[in-house]
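Student: Fold the following, please.
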Amino acid sequence: MSKTIKIGTRDSELALWQAETVQKSLEVLGYRTELVLVKSTGDLVLDKPLYELGTVGVFTRNLDIAMLNGEIDIAVHSLKDVPTVLPERIIQAAVLKRANYNDILVFKDNVEFLSHPEAVIATGSLRRRAQWLHRYPTHEVVDLRGNVNTRLQKLKDNEWNGAIFAAAGLERIKVLPENHISLNWMIPAPAQGAIMITALEEDKYVREAVAHLNDEETQICTTIERNFLNLLEGGCTAPIGALAQIKDESVHFKGVLFSKDGKKKIEVEKITKLGEEHTIAKYCSGTIIEKGGKQLMAEDEGLEKRVTVYSTKNLSKAQIKLFNNDIGVENSDFLKIRFNRILPKEIKSEIEHVIITSKNAVESLLNSFTSDELKFKNIYCVGRRTKKLIEANIGKVKHSEKNAKKLANYLIDNLSECEVTFFCGDQRLDEMPMLLAENNITVHEIEAYKAMLSPAKVDENIEGILFYSPSTVKSYLLENKADGIAFCIGDTTAAEAKKHFSNVQISKVPSVESVIELVNLHYVKN
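Tutor: You can find the predicted model right below:
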């Protein structure tokens, strides 16, 4: 147990309580730990309601980035705040035993206002707002943001009758006021009251460590609730509640969808034997949809988009859902990849040094040869995803870097007067081969694939363009002007964009999700 496990957390009192709980549990088991504080978008942007901010993963994204960058080993989250689709390479490693899942109302003086037609209730949750208005349609609901202590103070400072909180949060840090009542009629958010730990999929040591903290019953129930949420394609911008409980060897589930104004409600209930619970989420989400759920959500989402951006790569449904609620998205593939047939004579019995800078090159090799036929002694690559694909199908990567220039500098420092075989595309940049050649490293290039430009004419009202390679920039410019903002996946792509665009922004990590987060943060600030 020599490795120190770095635990990432937000710096609010509740987040620290959760992280310290995990820390103590791991240290009791004999593991060394260290807390690392990371600010979240949800903590930094406090002038908008969560449902207007619209960013899925608003409290978790920066912790994801810190993990992918190697700054932390695990992250501790309130599970209800975590998107139902995790970023590539990040997994749910453990769920702690669930605490109180109920919502509560903290009130000022008394609860006589509950029988009055006029009252003011505060909450930043669209789900709580919708359920309150469904029960008390004449009341006013105002926005309330900030950490637990900030929200309690705002309740004291304003002329509100009460505010709604998650019971678990107030109980955990021992700030639950006497003036409160349980809202047991309110269906909680999926996974409310549960703490989740994420880790990198490939980090076996950390995964085995935190697996000791997993509570199986909580995992079963929260998985059903989150799958239900995912199948309804809801997030922070949809008023969805879900609760699964295990009673007498059976799983009892209740799910609900409201309109944002609380006037419409669709609910479903199901009881299934323990062991057959994997069918619940699909059955219940399907029932909600059959009862008009899709139409209800479509009516609520019928707001005018504030801005529209264009992705030069086709995005999945899960990726499109990551954009802020008021950002419209159009997309198409600006590059078409064609694999070349690589001749057997190019693959020697064992090549000493191999360079691979893209997933396309890996896929081309696998298109021409079996894994057993690829005998490479030392493999050097660019990018985490390329590395993962290589190690899953070809062999161990000796060294990887974030971009081609950094890899070239590494090779110059560690190799001398030798030959390297570079599997590349026809649109590859000259910088790395030139640097290597200038330092007495001979580069034998094998064109593994062709990147054929496939531009589309983009509407003039598009304000931002998402680019994922220098070639997508070149393809875009064949049919379009360099107007608007270029949101780029990395330094190499940004370097090409800067030749044409006056406003170029670069994501923190080289992933599609990070580029989307870059777009979200830009338009939140603006």
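
Student: if I look at Met297, how far off is Asn227?
Tutor: 17 Å (Cβ to Cβ, to the nearest Å). In this view, the C-beta of every residue, glycine as well, is placed from N, C-alpha and C.

Student: That should have said Cys418, apologies.
Tutor: 52 Å.

Student: In the helix or strand harbouring Met452, which residues are buried?
Tutor: In the assignment (DSSP states H and E), Met452 maps to strand 442-453. Within strand 442-453, the residues scored as buried using 16 or more other Cβ atoms under 10 Å are Val443, Ile446, Ala448, Tyr449, Lys450, Ala451, Leu453.

Student: Which residue in these has the weakest pLDDT?
Tutor: Across the buried residues of strand 442-453, the bottom pLDDT score, 87, is held by Ala451.

Student: who's it bridged to?
Tutor: Ile337 (DSSP bridges).

Student: list the contacts for it?
Tutor: Taking Cβ atoms under 8 Å, 6 or more residues apart in numbering, we find Ala451 in contact with Leu335, Lys336, Ile337, Asn360, Gly425, Asp426, Gln427, Ser469, Ser471.

Student: ok, and the closest non-adjacent residue to the first one?
Tutor: What that stands for is Leu335. Of all residues not flanking Leu335 in the chain, Ala451 sits nearest, at 5.0 Å (Cβ to Cβ, 6 or more residues apart in numbering).

Student: Contact partners for Thr33?
Tutor: With Cβ under 8 Å, 6+ apart, Thr33 has these contacts: Thr4, Ile5, Lys6, Ile7, Gln23, Leu26, Glu27.

Student: Apply 7 Å and report the result again.
Tutor: Residues in contact with Thr33 (Cβ atoms under 7 Å, 6 or more residues apart in numbering) are Thr4, Ile5, Ile7, Gln23, Leu26, Glu27.

Student: so how far is Val22 from it?
Tutor: In terms of Cβ to Cβ, Thr33 sits 8 Å off from Val22.

Student: what touches both of these two?
Tutor: Counting by Cβ under 7 Å, 6+ apart, the common neighbours of Thr33 and Val22 are Ile7.

Student: how about the strands in the stretch 351-500 of the chain?
Tutor: Ranges of strands within the stretch 351-500 of the chain are 351-356, 376-382, 399-401, 419-425, 442-453, 464-467, 485-488, based on DSSP state E, counting those that start in this stretch.

Student: Helices of the stretch 101-250 of the chain, start to end?
Tutor: Applying DSSP state H, counting those that start in this stretch to the stretch 101-250 of the chain gives helices spanning 126-135, 148-157, 167-172, 204-211, 216-231.

Student: Please name whichever of the ones you listed is nearest to Lys263.
Tutor: In terms of Cβ to Cβ, the element of these nearest to Lys263 is helix 126-135, at 7.2 Å.

Student: Please identify the buried residues of the closest one?
Tutor: So for helix 126-135, counting by 16+ other Cβ under 10 Å, buried means Leu126, Arg127, Arg128, Arg129, Ala130, Gln131, Trp132, Leu133, His134.

Student: can you tell me which residues contact the fifth one?
Tutor: For Ala130, the contacting residues are Pro239, Phe258, Ser259, Lys260, Gly262, by Cβ under 7 Å, 6+ apart.

Student: which sections of the stretch 201-350 of the chain are below the confidence cut-off?
Tutor: 234-237, 301-305 (pLDDT under 70).

Student: do the same with the stretch 401-526 of the chain
Tutor: Across the stretch 401-526 of the chain, the ranges flagged by pLDDT under 70 are 525-526.

Student: And the helices in it, which stretches?
Tutor: Going by DSSP H, counting those that start in this stretch, the stretch 401-526 of the chain shows helices at 404-414, 431-438, 470-477, 491-497, 512-525.

Student: Glu346: which of these is closest?
Tutor: It's helix 431-438; of those, that one is closest to Glu346 (Cβ to Cβ) at 16.9 Å.

Student: State the number of residues packed around the closest residue to Asn149 other than its chain neighbours.
Tutor: Distances taken as Cβ to Cβ, 6+ apart put Glu13 closest to Asn149, at 6.2 Å, once the chain neighbours are dropped. Neighbours of Glu13 under the rule other Cβ atoms under 10 Å: 16.

Student: Check Cys488 too.
Tutor: Neighbours around Cys488, by other Cβ under 10 Å: 29.

Student: Next up, the contacts around it.
Tutor: Applying Cβ under 7 Å, 6+ apart, the residues near Cys488 are Phe467, Ala494, Ala497, Val504, Gln505, Ile506, Ser507.

Student: for these, which one is nearest Ser368?
Tutor: Distances from Ser368 to those, taken by Cβ to Cβ, are shortest for Phe467, at 29.1 Å.

Student: so how far is Ala130 from Gly124?
Tutor: For Gly124 relative to Ala130 (Cβ to Cβ), the value is 13 Å.

Student: Equivalent analysis for Ala456, please.
Tutor: In terms of Cβ to Cβ, Ala456 sits 39 Å off from Ala130.

Student: Tell me how many other residues crowd Leu365.
Tutor: Neighbours of Leu365 using other Cβ under 10 Å come to 25.

Student: Over to Val309?
Tutor: 23.

Student: Kindly report the same for Leu374.
Tutor: 20.

Student: Can you list phi and psi of it for me?
Tutor: Here is the backbone geometry of Leu374 (degrees, to the nearest 10): phi -90, psi 100.

Student: what does Val268 give?
Tutor: According to degrees, to the nearest 10, Val268 has phi -150, psi 150.

Student: Hmm, Val106 and His180 touching each other?
Tutor: Yes: His180 is in contact with Val106 according to Cβ atoms under 7 Å; the separation is 4.8 Å.

Student: of these two, who's got more company?
Tutor: Counted by other Cβ under 10 Å, His180 and Val106 do not tie: Val106 has more neighbours, with 22 against 17.

Student: partners of that one in the sheet?
Tutor: Applying DSSP bridges, one finds that Val106 bridges with Ala163, His180.

Student: picking that back up, of the contacts of Thr33, closest to Ile485?
Tutor: Closest to Ile485, out of all of those and judged by Cβ to Cβ, is Ile7, at 35.6 Å.

Student: Give the burial count for Tyr101, as a bare number.
Tutor: Neighbours around Tyr101, by other Cβ under 10 Å: 23.

Student: I'd like to know how far it sits from Ala456.
Tutor: From Tyr101 to Ala456 the distance is 47 Å (Cβ to Cβ).

Student: hey, where'd the strands end up in the stretch 201-350 of the chain?
Tutor: Going by DSSP E, counting those that start in this stretch, the stretch 201-350 of the chain shows strands at 240-247, 250-258, 265-273, 307-311, 327-331, 335-339.

Student: Using JSON lines, lay out these together with distance to Asn520.
Tutor: Shown next, in JSON lines, are those (distance: least, Cβ to Cβ, whole Å):
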{"stretch": "strand 240-247", "distance to Asn520": "21"}
{"stretch": "strand 250-258", "distance to Asn520": "25"}
{"stretch": "strand 265-273", "distance to Asn520": "29"}
{"stretch": "strand 307-311", "distance to Asn520": "10"}
{"stretch": "strand 327-331", "distance to Asn520": "7"}
{"stretch": "strand 335-339", "distance to Asn520": "24"}
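
Student: Let me know which of those is the nearest to Gly292.
Tutor: Among these, if distance is taken as Cβ to Cβ, the winner is strand 265-273, at 6.4 Å.

Student: The closest one: how far from the chain's middle?
Tutor: Relative to its parent chain, strand 265-273 has a centroid offset of 28 Å by Cα atoms, centre = their mean, to the nearest Å.

Student: between that strand and helix 216-231, how big is the angle?
Tutor: Here the directions of strand 265-273 and helix 216-231 differ by 140 degrees (axes from the mean of the first three to the mean of the last three Cα atoms, to 10 degrees).

Student: Alright, that wraps it up for me.
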